[in-house]
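Engineer: A structural model of the following input is requested.
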Amino acid sequence: MISKPIAFSIDNAYAPYLYVCLKSVLAHIQPENKYQAYVLESGLSEEHKRQILSLQCDNLSIEFIDVRKFIDKNVTRAFAVTEHFTPETYYRFFLPQIFPNLDKVLYLDADTLIMRDISPLFEINIEENYLGVTHDCEIVRMSNLDDTEYSDYFTKTLGVKIENYFQAGVMLVNLTQMRQDSITEKLLSALIKIGTPKFVDQDILNMVCQNKVKFIPQNWDYTWHLSFWDNKYLEHIGDPLNKEYEKARLNPYIIHFTGNHTKPTDFPNVPEAQKFWEYAKNSPYYDRLILCMSQNREKHLKKIRRIKLKILEYKLLNILMLGLYSKKYKNKIQKRENDLSFLVKRILLI
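Structural biologist: Residues are numbered from 1 along each chain as shown. Okay, the predicted model is just below:
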């Protein structure tokens, strides 16, 4: 039987997550299915390669691809990154060239956890569209909360409808159609035009591919942090997408640990994170992940102390200003108290 191709893109920091992801893939493979995992990298350590290759079996083959063979050095200078993103995220642009003999490939972010056999994903007919993707509920949520900064960026700078903005961590990619329409070149041109996109390559993919995507069930890319990050997440996502998100939360096919400082090593007591730790438990990366969790806990405790001091500062300023700006300080205090409540509930319960 022909193996179904899956592509990942990682650096050394994400190797532990890829290992756990592949373990979850193996746990749900039906005996009749075979998968070929391609790991796109540009300097992954031999130790990480050895550990990841140890997962190979009859149903899963693994191959590392050094993308430096496919990307000019001058091009990589345009790979602008922010926050937790790394240049490796842009390797998705080059999938049509890296796999010239493939018609389609499933791209997965390494920080995903597979909860069922992914074979049905390959059976979805995305017709002549470039991508099969899910809506990005987080972008919709943020835009609804702040209808100026994000809305203006997405609608005016990118020219994208927020309700159609998609998540790029799980993509069924129509390589044939992308090659025919020279999409890689268009993506690079759009990147140069935007310069520093807020959400790196995902913004550019949305900008270029927005009219040629097929939306697949939200269960295939459940972005985990919304349900515990925001107490009113369903209200802030809004109808009808919140119903799709809730269905995915109750029955996720793929759990995606999206967000900056929102990984299972940050919030290990959240149910989805506990599923991650079940797969990480007997891995060669377990001790490393535990150390990372401990370090993150200390960072969060320091943040809690800083927030408490900030709240005290605002209260004192309000007294000194004789309440002249009471509404301003009340709002600042409320925001910090909400942040504090969230961290105390989620961090101190570890």
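
Engineer: how near is the residue nearest the centre of the chain to residue 336?
Structural biologist: Closest residue to the average C-alpha location of the chain: residue 258 at 3.8 Å, with C-alpha atoms, centre = their mean. Separation of residue 258 from residue 336 (C-beta to C-beta, to the nearest Å) stands at 24 Å. Placement of C-beta: from N, CA and C, glycine included.

Engineer: for residue 151, same thing?
Structural biologist: As judged by C-beta to C-beta, residue 151 and residue 336 stand 25 Å apart.

Engineer: Any stretches of the protein with poor pLDDT?
Structural biologist: Scanning the chain for pLDDT under 70 picks out the ranges 83-84, 147-148, 345-350.

Engineer: And the longest strand anywhere in it, what does it pack against?
Structural biologist: Counting residues, the longest strand in the chain under DSSP state E turns out to be strand 166-174. Applying 3 or more C-beta pairs under 8 Å, 6 or more residues apart in numbering; DSSP states H and E, we find strand 166-174 packed against strand 104-108, strand 131-135, helix 200-209, strand 254-256.

Engineer: what comes up buried for it?
Structural biologist: In terms of neighbour count (16 or more other C-beta atoms under 10 Å), strand 166-174 has its buried residues at 166-174.

Engineer: Could you name the helices and strands sitting against the longest helix along the chain?
Structural biologist: Using DSSP state H, we find that the single longest helix of the chain is helix 286-320. Secondary-structure packing of helix 286-320 (3+ C-beta pairs under 8 Å, 6+ apart): helix 326-347.

Engineer: So residue 159: helix, strand or coil?
Structural biologist: Here residue 159 is coil, with the state taken from DSSP: H, G, I helix; E, B strand; the rest coil.

Engineer: Tally up the residues packed near it, please.
Structural biologist: Residues lying near residue 159 (other C-beta atoms under 10 Å) number 11.

Engineer: thinking again about what came up before, need the buried residues of strand 166-174 in TSV with distance to residue 103, can you?
Structural biologist: Listed next are the buried residues of strand 166-174 as TSV, based on distance: C-beta to C-beta, whole Å:
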residue	distance to residue 103
166	21
167	23
168	20
169	22
170	18
171	15
172	11
173	10
174	8
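
Engineer: Let me know the closest of those to residue 317.
Structural biologist: Nearest to residue 317 out of the buried residues of strand 166-174 is residue 167 (C-beta to C-beta; 40.5 Å).

Engineer: contacting residues around that closest one?
Structural biologist: Residue 167 sits next to 133-136, 138, 202, 221, 223, 256, 258 when contact means C-beta atoms under 8 Å, 6 or more residues apart in numbering.

Engineer: and those as CSV, adding distance to residue 178?
Structural biologist: Shown next, in CSV, are the contacts of residue 167 (distance: C-beta to C-beta, whole Å):
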residue, distance to residue 178
133, 13
134, 19
135, 21
136, 20
138, 25
202, 16
221, 20
223, 24
256, 23
258, 24
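
Engineer: Would you mind listing which of those residues are buried?
Structural biologist: Neighbour counting by 16+ other C-beta under 10 Å classes 133-136, 138, 202, 221, 223, 256, 258 among the contacts of residue 167 as buried.

Engineer: Closest one to residue 39 out of these, please.
Structural biologist: Proximity of those to residue 39 (C-beta to C-beta) peaks at residue 256, which lies at 18.1 Å.

Engineer: Could you report the separation of that closest one from residue 145?
Structural biologist: Taken as C-beta to C-beta, the span from residue 256 to residue 145 is 21 Å.

Engineer: Kindly report the same for residue 187.
Structural biologist: With C-beta to C-beta as the criterion, residue 187 and residue 145 are 29 Å apart.

Engineer: distance between the ends of stretch 105-114?
Structural biologist: Criterion C-alpha to C-alpha, to the nearest Å; first-to-last residue distance in stretch 105-114 is 17 Å.

Engineer: chain center to it: distance?
Structural biologist: Distance of stretch 105-114 from its chain centroid, counting by C-alpha atoms, centre = their mean, to the nearest Å, is 9 Å.

Engineer: for stretch 90-97, same thing?
Structural biologist: The answer for stretch 90-97 is 17 Å, by C-alpha atoms, centre = their mean.

Engineer: got the buried residues for it?
Structural biologist: Applying a neighbour-count criterion of 16+ other C-beta under 10 Å, one finds 90-96 buried in stretch 90-97.
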